[in-house]
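**Q** Sequence first, predicted coordinates after that:
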2 protein chains.
Amino acid sequence: MRSDLDRLMDEYRLDAIVVIGDATPNTFRDYLTGRAKTHGSIFKKRGEQAVIVVSSMEVDEAAKSGLRVMTYHDFDFALLYNQFGDQPARLRRELFLNFLRKLGIRGRVGFYGAAAVNALLPNLLALTESDLEIAPALDEDALALFDRMFETKDAAEIAALQDVARRTCEVVRRAWSFLSNHYASADSIGSPVVDERGEPLTIGAVRRFIQAQEAALGLEDSRGFIFAQGRDAGVPHSVGEDNDVLEVGRAVVFDISPRGASGYYHDMTRTWSLGCAAEDVQAAYDDVMAAFRMVMDALKVGEPTSRYQIMVLDYFEGRGHATQRSQPGTMNGYVHSLGHGIGLNVHEAPTFGEKSKHVLRIGNAFTVEPGLYYPERGYGVRVEDSVYIDESGAVQRLTDFPYDLVVPLRRR
Amino acid sequence: MRSDLDRLMDEYRLDAIVVIGDATPNTFRDYLTGRAKTHGSIFKKRGEQAVIVVSSMEVDEAAKSGLRVMTYHDFDFALLYNQFGDQPARLRRELFLNFLRKLGIRGRVGFYGAAAVNALLPNLLALTESDLEIAPALDEDALALFDRMFETKDAAEIAALQDVARRTCEVVRRAWSFLSNHYASADSIGSPVVDERGEPLTIGAVRRFIQAQEAALGLEDSRGFIFAQGRDAGVPHSVGEDNDVLEVGRAVVFDISPRGASGYYHDMTRTWSLGCAAEDVQAAYDDVMAAFRMVMDALKVGEPTSRYQIMVLDYFEGRGHATQRSQPGTMNGYVHSLGHGIGLNVHEAPTFGEKSKHVLRIGNAFTVEPGLYYPERGYGVRVEDSVYIDESGAVQRLTDFPYDLVVPLRRR
């Protein structure tokens, strides 16, 4: 968590860190500033207060960060602008080098943040000619400094995660209720789902309904959710086609990961089959739920996260499904890793790959999301909850929503 | 515009370009893919079709880009994962080098995109040891390749800008109407603005109203708008304090820059004084509007953008205001540049600084936003429209909204 920063800088022998920023969204900066609205960069020497350097227009917003605020004018901006105003890249580089020089950033320095590559590159190349030791080179620890902080949440972060979880589950509940107020036009699998006037229900109409609920509940979802049916549901990141009509007995994967006003994300997935479920979908669903429950029951502080990925790989392979381990590159069967940490980033530490070195810790918040994908057979199934590990080491739900596969439809 | 890419690569002697991407929002990638939902990176050799490399989960979404799609598995991902799966940075770097090698990216190469700095740095440092010529070093032209494309809009982009402009102006119209349905609790400047029950109207209440209108009109505004009163309005990027009560005769700066479903932004600002205007605010407003009209009347294809910044500097200085030119670093008077291009980025080329080298061109879309700031006197004033230059060279409005300073209030 955030309070680990100086300790980790010490552990990784970092004399200073730089969080580079521009107008690009930047969760590294957000994490250190409490999401102050600035485009500034942050410079911190070990054991000293961090400094954020911003344009003079942003001083008020930057001050909300609690960091020490300096402006470009503290670094001879006017002088540099006179000299290099017609060479934006040169100007940016000289200003950046002034930041480092005047703030005394020296020794072994870690670089983080997010930025436009073309604006960044001249600055970084200048460093290779300086006497700085660029810590991230291939030092996996130093590179992962922020990941290490992101990996465990403090009480305020858990409260933010709980808040966005509640709102997201309410959106999903309303979506369920919206769907179950529609009608099966006939009993046979593949028949259109229709509204009370007999008009077919499209994915686009469902999407607009869900978007309106997100907005009403104060959730931001600029990345967009997945509401994908049939073959599209069989491709994990396919978002679904708005013109498609929903069909009876066709599985829909609904994966939603909005963020709250706090900036923290929730992430959950349900697979729903409307009116009834096809036998093959039900069988895949039972396998996914068995894997899901197996993992949930086994989660334990101190265990390597890879253990759970391997557990699911073993289980699915034993049930006859292909996996990325048994058939690298396959698009059928179990084709992704089991989960990911969640916080200000929708994907962050810990990771759950087969070779991941993370270990479950108190304060982790993460998803568990086994899935099976058969695009050529026209379906995919995924179930995902987000959870966290409390102070006592117990696993606590963030997602709180039933696991029913079949959404009952009305009959005409 | 986009169709200039190969010509510009030729002009800037670029053998290839790489648009680096990860989960970071990336308008460079959005521009080339039509906002396909992927985290991939793009590789393009001059005169050849661009290739986007994505995880196998994203193939469907990536295919919507129209680019050639390849997956990590086309670059020995499984092999690399076996070898470096426990060293994420090393794995990313080896994979990145495989992309370049197998796609034959050689010679003079420009790097663009947006990404996490710590993930990017090891990859970029590896390039300094390769025989690639990293074009962006300090080549201002090559670095600005995308800026050059962003600088002029094609017909589809202008249509997208017009659409988001209409929606944004409708939000501003509703905000005006909402405010003017409130009451002055007394005539004196500084009296609270109240609702029909006599309850004070806070900035937070106005903000929630405006946010709801944005959502209803399909606008996304995760950056948030400025609705700042009094001293806060006197600091250009201060967003305003939600707990503050709106006051009669106190100037509010309302600067809103949402984006539409297309991803294109609008940007406009109005300064409003509720019920009546104080004399000093009115005087500053008159100066700002005079500068605004002077620029609007003078905009002409072929003229350097710096001409308009200098025109406004001259005018404001002649009227006795400080500027960043007369007093570098000042927070009083005219403290920013006149405008900026607008598109998939809320700030892009052309720029309007005193030393900017841009020239007005057919297809430009940009803001004009003179302002005067006096935080210690408790006010700030800015007026901003977005415009574009049509095929005939005529300046066309995107923003279409009146310039009244005083929002009339009801009287009890």
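**A** That came through, no problem.
**Q** can you tell me the helix or strand for the residue in the stretch 251-400 of chain A that chain B sits nearest to?
**A** Nearest residue of the stretch 251-400 of chain A to chain B, counting by C-beta to the nearest C-beta: A:Lys355, 2.8 Å away. No exception for glycine: its C-beta is placed from N, CA and C like everyone else's. Under the criterion DSSP states H and E, no helix or strand holds A:Lys355.
**Q** Quick check: it touching B:Asp86?
**A** Yes. Taking C-beta atoms under 8 Å as the definition, A:Lys355 is a contact partner of B:Asp86 at 4.7 Å.
**Q** Please report phi then psi for the residue of the stretch 251-400 of chain A closest to chain B.
**A** phi -110, psi 10 (degrees, to the nearest 10).
**Q** who's in contact with the residue nearest the centre of chain A?
**A** In chain A, the C-alpha closest to the average C-alpha coordinate belongs to A:Val346, at a distance of 1.1 Å (C-alpha atoms, centre = their mean). The contact partners of A:Val346, by C-beta atoms under 8 Å, 6 or more residues apart in numbering or on different chains, come to A:Arg223, A:Ser257, A:Arg259, A:Tyr265, A:Asp267, B:Ala23.
**Q** Just the residues you listed: which are in strands?
**A** For these, not one is inside strands, with DSSP state E as the criterion.
**Q** Need the buried ones from the residues you listed selected in ChimeraX.
**A** This is how ChimeraX selects the buried members of the contacts of A:Val346, with burial counted by 16 or more other C-beta atoms under 10 Å in any protein chain shown:
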select /A:257,259,265,267 /B:23
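**Q** Which strand runs longest in chain A?
**A** Using DSSP E, we find that the single longest strand of chain A is strand A:108-116.
**Q** what residues does that strand touch?
**A** Contacts to strand A:108-116, defined as C-beta under 8 Å, 6+ apart, come from residues A:9, A:12-22, A:24-29, A:41-42, A:124, A:132-136, A:142-143, A:145-146, B:24, B:28, B:112-118, B:121.
**Q** Point out the other helices and strands that the following helix or strand past it packs with.
**A** Toward the C-terminal end, the helix or strand that comes next after strand A:108-116 (DSSP H and E) is helix A:117-128. Judged by 3 or more C-beta pairs under 8 Å, 6 or more residues apart in numbering or on different chains; DSSP states H and E, helix A:117-128 is in contact with helix A:88-102, strand B:108-116, helix B:117-128, helix B:140-143.
**Q** before we move on, back to that, give me the distance between the residue of the stretch 251-400 of chain A closest to chain B and A:Ile310.
**A** According to C-beta to C-beta, to the nearest Å, A:Lys355 and A:Ile310 sit 10 Å apart.
**Q** gap between the strand or helix carrying A:Phe28 and the chain center?
**A** Element membership for A:Phe28, per DSSP H and E: helix A:27-33. On the basis of C-alpha atoms, centre = their mean, to the nearest Å, helix A:27-33 sits 15 Å off its chain's mean C-alpha point.
**Q** So is that helix next to chain B?
**A** Yes. Contact of helix A:27-33 with chain B (C-beta under 8 Å from any C-beta of the partner chain) involves A:Phe28.
**Q** which secondary structure elements does that helix contact?
**A** Against helix A:27-33 (3+ C-beta pairs under 8 Å, 6+ apart) you get strand A:16-21, strand A:41-45, strand A:108-116, helix A:145-150.
**Q** TSV please, covering these and showing mean pLDDT.
**A** Below are the helices and strands packed on helix A:27-33 laid out as TSV (pLDDT from 0 to 100):
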stretch	mean pLDDT
strand A:16-21	97
strand A:41-45	98
strand A:108-116	95
helix A:145-150	97
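**Q** those strands in the stretch 101-250 of chain A, which residues are they?
**A** A:108-116, A:133-134, A:183-184, A:193-194, A:226-229 (DSSP state E, counting those that start in this stretch).
**Q** would you turn those into CSV with mean neighbour count and distance to B:Ala62?
**A** Below are the strands of the stretch 101-250 of chain A laid out as CSV (neighbours: other C-beta atoms under 10 Å in any protein chain shown; distance: least, C-beta to C-beta, whole Å):
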stretch, mean neighbour count, distance to B:Ala62
strand A:108-116, 24, 22
strand A:133-134, 17, 32
strand A:183-184, 20, 35
strand A:193-194, 22, 29
strand A:226-229, 25, 15
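**Q** Switch those strands over to JSON lines; also include distance to A:Gly320.
**A** Listed next are these as JSON lines, based on distance: least, C-beta to C-beta, whole Å:
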{"stretch": "strand A:108-116", "distance to A:Gly320": "42"}
{"stretch": "strand A:133-134", "distance to A:Gly320": "49"}
{"stretch": "strand A:183-184", "distance to A:Gly320": "32"}
{"stretch": "strand A:193-194", "distance to A:Gly320": "32"}
{"stretch": "strand A:226-229", "distance to A:Gly320": "24"}
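**Q** any idea of the mean pLDDT for the biggest helix by length in chain A?
**A** Identified as the longest helix of chain A according to DSSP state H is helix A:155-180. Averaged across helix A:155-180, pLDDT comes to 98.
**Q** Contacts (any at all) between chain B and that helix?
**A** No. Against chain B, helix A:155-180 shows no contacts by C-beta under 8 Å from any C-beta, the least distance being 13.6 Å.
**Q** can you count the residues close to A:Ser262?
**A** Neighbourhood size, A:Ser262 [other C-beta atoms under 10 Å in any protein chain shown]: 16.
**Q** any idea how far the closest residue to it other than its chain neighbours lies from B:Gln324?
**A** Nearest residue to A:Ser262 in three dimensions, chain neighbours excluded: A:Ala160, at 3.9 Å (C-beta to C-beta, 6 or more residues apart in numbering or on different chains). Using C-beta to C-beta, we find A:Ala160 at a distance of 39 Å from B:Gln324.
**Q** Show me what the helix or strand harbouring A:Tyr285 is packed up against.
**A** According to DSSP H and E, A:Tyr285 maps onto helix A:279-298. Secondary-structure packing of helix A:279-298 (3+ C-beta pairs under 8 Å, 6+ apart): strand A:268-274, helix A:306-318, strand A:365-368, strand A:371-374, strand A:379-382, strand A:385-389.
**Q** Please see if the first one touches chain B.
**A** No. For strand A:268-274, no contact with chain B is found by C-beta under 8 Å from any C-beta; the gap never falls below 13.3 Å.
**Q** and the angle from that strand to helix A:155-180?
**A** Compare the direction of strand A:268-274 with that of helix A:155-180 by axes from the mean of the first three to the mean of the last three C-alpha atoms, to 10 degrees and you get 10 degrees.
**Q** C-alpha coordinates for strand A:268-274, CSV please?
**A** Extracted in CSV, the C-alpha atoms of strand A:268-274 (Å, rounded to 0.1, in the frame of the first residue of the first chain):
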residue,chain,number,x,y,z
MET,A,268,-17.5,-9.1,-12.3
THR,A,269,-18.9,-11.4,-14.9
ARG,A,270,-22.0,-13.5,-15.1
THR,A,271,-23.0,-15.9,-17.9
TRP,A,272,-26.7,-15.9,-18.5
SER,A,273,-28.8,-18.1,-20.8
LEU,A,274,-32.3,-16.6,-21.5
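**Q** Need the mean per-residue confidence for it.
**A** Here strand A:268-274 scores 98 as its mean pLDDT.
**Q** and the stretch 301-412 of chain A, which of its residues are near chain B?
**A** Neighbours of chain B within the stretch 301-412 of chain A, by C-beta under 8 Å from any C-beta: A:324, A:328-329, A:331, A:335-336, A:345-347, A:351, A:353-357.
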